[in-house]
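K.L.:
Take a look and give me a structure for this.
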Amino acid sequence: MKKMMRNVFALASFVAGIAFAQTGAIEGVVKGPDGNPLAGAWIRIERTDIKGEYLCDSKKKGDFFHAGLPLGTYNVYLYTGAKKVKNKLEGGELVDQVKGVRTRLGDPVPVNFDLAERAARQAAVQKAAETGKVTEEVARDMSPEQKAALDKAMKERSAAMAKNKELNDAFNGGMNALKEQNFPTAVEQFTKASTMDPKQHVIWAQLAESYSGLARGQKGEEADASLAKTYESFQKAIELKPDDASYINNYALALARGKKFTEAQQELEKAATLDPTNGGKYFYNLGALLTNANQTEAAGAAFKRAIESDPNYADAQYQYGIYLTGKAQTKADGSLVFPPGTAEAFQKYVELKPDGSFAESAKGMLQAMGQKVDTTYQNPAAKKGTAPAKAPAAAPAKKKG
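P.N.:
As a prediction, the model looks like this:
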């Protein structure tokens, strides 16, 4: 009986020895981004051939060790900032991994993590993707996944470069056509550019200017259609760049050309609020367009707003004076009574621009009103009594392409 028990015990010990001998271990060291040992990182060891998961953490010297792993193939993942909760990791960030690790009998399999070295490799791969140049060293150190990602990135880069050239060609073609006032070609080229990159506000702004130029040479329904495209394109430019007062100003001028005077004034209010320094110019432009559209009262209000925004805007002073002369009343003796502010507007222009294009006209108006011209400037070549000039055409705010 005793002999039988000894045999059973020996057999059990032998089986236990075989079971113990069929496991392996993984060990390694974790170094942080600064190159120093990283303690407190978690290592998740996941078996790939049969379901199984094991956890261990790095110690003070960055070392970690896990024994008792069945012989098989594993993926080893490194996490920082994670917590172990009921044998599972929560939170944290996966910062590195090694796949296809096979355990063995005997010595532990080394798996080391060096986050500084990994960052350097990633930077080299990124540079290769950006430049299209892959060194032998970079290619040798890359994993299959990295090689696939690099190949994808380089193909995307090549496609982006081709698209960028095509985009630049279309944009430059549009700018050249716009400069030559070839509006149909400008519309075609900027439309092409907007299709390739609809997020470029400057493309939409130039497309709007092209449609606006096209509308000026058209009539009826054709002109209306081009103006509608002008509005639409300006709106897209402003949506992408809402803080650009020049876009809003030019949009307002286009609205005024389409006789949308109320909307134009509202937009110019926005432009003046965004860019108060140029508020005088914005309202002067509106006044000029309204004058040429025979909208006299609205033009006068615009010139007044220009002066309120910038009292030193000389041309606005002159045009406001011209507006006020149109409201002069005839007395019984045939003399004229001018509204308050008329003489002051002409006098201000002469003070600001004694040699300006409207200077002689302003002086003539002052003399006709019986006012003294408070300036010492005299142009001997100028003719006296020059007739008041009509408001010049408004100039769109300049925008670099």
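
K.L.:
In terms of secondary structure, what does the host helix or strand of residue 75 contact?
P.N.:
Following DSSP states H and E, the helix or strand that holds residue 75 is strand 73-85. Strand 73-85 sits against strand 23-31, strand 42-47, strand 88-102, with contacts defined as 3 or more CB pairs under 8 Å, 6 or more residues apart in numbering; DSSP states H and E. Using the backbone N, CA and C atoms, a C-beta is placed for each residue, glycine as well.

K.L.:
For these, could you give me CSV that also reports mean pLDDT and distance to residue 325?
P.N.:
Formatted as CSV, those follow (pLDDT from 0 to 100; distance: least, CB to CB, whole Å):
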stretch, mean pLDDT, distance to residue 325
strand 23-31, 96, 86
strand 42-47, 96, 86
strand 88-102, 93, 76
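
K.L.:
Indicate which one of those is closest to residue 57.
P.N.:
With CB to CB as the criterion, residue 57 lies closest to strand 42-47 of the helices and strands packed on strand 73-85, at 5.2 Å.

K.L.:
What are the buried residues along the helix or strand just after the closest one?
P.N.:
Downstream of strand 42-47, the next assigned helix or strand under DSSP H and E is strand 52-57. Judged by neighbour count (16 or more other CB atoms under 10 Å), strand 52-57 contains these buried residues: 54, 55, 56.

K.L.:
got it, and stretch 60-79?
P.N.:
Buried positions in stretch 60-79, judged by neighbour count with 16+ other CB under 10 Å: 62, 64, 66, 69, 74, 76, 77, 78, 79.

K.L.:
Listing partners with orientation, what would you give for the helix or strand hosting the fourth one?
P.N.:
When secondary structure is defined using DSSP H and E, the element that contains residue 69 is strand 63-70. Strand partners for strand 63-70, identified by DSSP bridges, are recorded as strand 23-31 (antiparallel).

K.L.:
what's in contact with the strand it pairs with?
P.N.:
Strand 23-31 is contacted by residues 37-38, 41, 43, 45, 58, 61-71, 74, 76, 78, 101, 103-106, 108-117 when judged by CB atoms under 8 Å, 6 or more residues apart in numbering.

K.L.:
and if we set it to 7 Å?
P.N.:
The contact list for strand 23-31, computed with CB atoms under 7 Å, 6 or more residues apart in numbering, reads 37-38, 41, 45, 58, 62-71, 76, 78, 101, 103-105, 108-116.

K.L.:
got it, and stretch 167-180?
P.N.:
The contact list for stretch 167-180, computed with CB under 7 Å, 6+ apart, reads 185-186, 189-190, 192-193, 196-197, 203, 206, 209-210, 401.

K.L.:
May I have that stretch as PDB, with CA atoms only?
P.N.:
The C-alpha trace of stretch 167-180 is given here as PDB (Å, rounded to 0.1, in the frame of the first residue of the first chain):
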ATOM      1  CA  LEU A 167      -5.100  74.800 -57.700                       C
ATOM      2  CA  ASN A 168      -2.400  77.400 -58.000                       C
ATOM      3  CA  ASP A 169      -2.600  77.200 -61.800                       C
ATOM      4  CA  ALA A 170      -6.300  77.800 -61.700                       C
ATOM      5  CA  PHE A 171      -6.100  80.600 -59.200                       C
ATOM      6  CA  ASN A 172      -3.200  82.400 -61.000                       C
ATOM      7  CA  GLY A 173      -5.100  82.000 -64.300                       C
ATOM      8  CA  GLY A 174      -8.100  83.600 -62.800                       C
ATOM      9  CA  MET A 175      -6.100  86.500 -61.400                       C
ATOM     10  CA  ASN A 176      -4.500  87.200 -64.800                       C
ATOM     11  CA  ALA A 177      -7.800  87.100 -66.500                       C
ATOM     12  CA  LEU A 178      -9.300  89.400 -63.900                       C
ATOM     13  CA  LYS A 179      -6.500  91.800 -64.400                       C
ATOM     14  CA  GLU A 180      -7.100  91.800 -68.100                       C
END
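
K.L.:
what's the average pLDDT for it?
P.N.:
The pLDDT scores in stretch 167-180 average 92.

K.L.:
same deal with stretch 312-322?
P.N.:
Regarding stretch 312-322, the rounded mean pLDDT is 94.

K.L.:
What residues of that stretch count as buried?
P.N.:
For stretch 312-322, by 16+ other CB under 10 Å, it's 313, 314, 315, 316, 317, 318, 319, 320, 321, 322.

K.L.:
in the stretch 51-200 of the chain, which segments are predicted with low confidence?
P.N.:
Residue ranges of the stretch 51-200 of the chain with pLDDT under 70: 128-147, 149-151, 153-154, 156-162.

K.L.:
Which positions are bridged to residue 76 in the beta structure?
P.N.:
With DSSP bridges as the rule, residue 76 is bridged to residue 45, residue 98.

K.L.:
From the contact counts, what lies against the host helix or strand of residue 298?
P.N.:
Assigned by DSSP H and E, residue 298 falls within helix 296-309. Packing partners of helix 296-309 (3 or more CB pairs under 7 Å, 6 or more residues apart in numbering; DSSP states H and E): helix 279-292, helix 314-325.

K.L.:
Pull the distance from the longest one to the chain's centre.
P.N.:
Yep, that's helix 279-292 we're talking about. Centroid displacement of helix 279-292 relative to its chain, using CA atoms, centre = their mean, to the nearest Å, is 30 Å.

K.L.:
quick one: average pLDDT of that helix?
P.N.:
Throughout helix 279-292, pLDDT has a mean value of 88.

K.L.:
closest to residue 258 out of the helices and strands packed on helix 296-309?
P.N.:
Among those, helix 279-292 comes nearest to residue 258, with 10.5 Å by CB to CB.

K.L.:
now that closest one against helix 296-309, angle please.
P.N.:
Interaxial angle of helix 279-292 relative to helix 296-309 (axes from the mean of the first three to the mean of the last three CA atoms, to 10 degrees): 170 degrees.

K.L.:
how far does the strand holding residue 75 sit from the chain's center?
P.N.:
Distance of strand 73-85 from the chain centroid (CA atoms, centre = their mean) equals 39 Å.

K.L.:
now what about that strand, what contacts it?
P.N.:
So strand 73-85 is contacted by 26, 30, 41-49, 55, 89-103, 111, 113 (CB under 7 Å, 6+ apart).

K.L.:
Could I have the CA atoms of that strand written out in CSV?
P.N.:
Output of strand 73-85 as CSV, limited to C-alpha atoms (Å, rounded to 0.1, in the frame of the first residue of the first chain):
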residue,chain,number,x,y,z
THR,A,73,2.4,34.1,-29.1
TYR,A,74,1.7,37.4,-27.4
ASN,A,75,1.3,41.1,-28.1
VAL,A,76,2.8,43.3,-25.5
TYR,A,77,1.3,46.8,-24.9
LEU,A,78,2.6,49.7,-22.9
TYR,A,79,0.3,52.1,-21.1
THR,A,80,0.9,55.3,-19.2
GLY,A,81,-1.5,56.9,-16.8
ALA,A,82,-3.7,53.8,-16.5
LYS,A,83,-5.1,52.2,-13.4
LYS,A,84,-5.7,48.5,-12.6
VAL,A,85,-9.3,47.8,-11.6
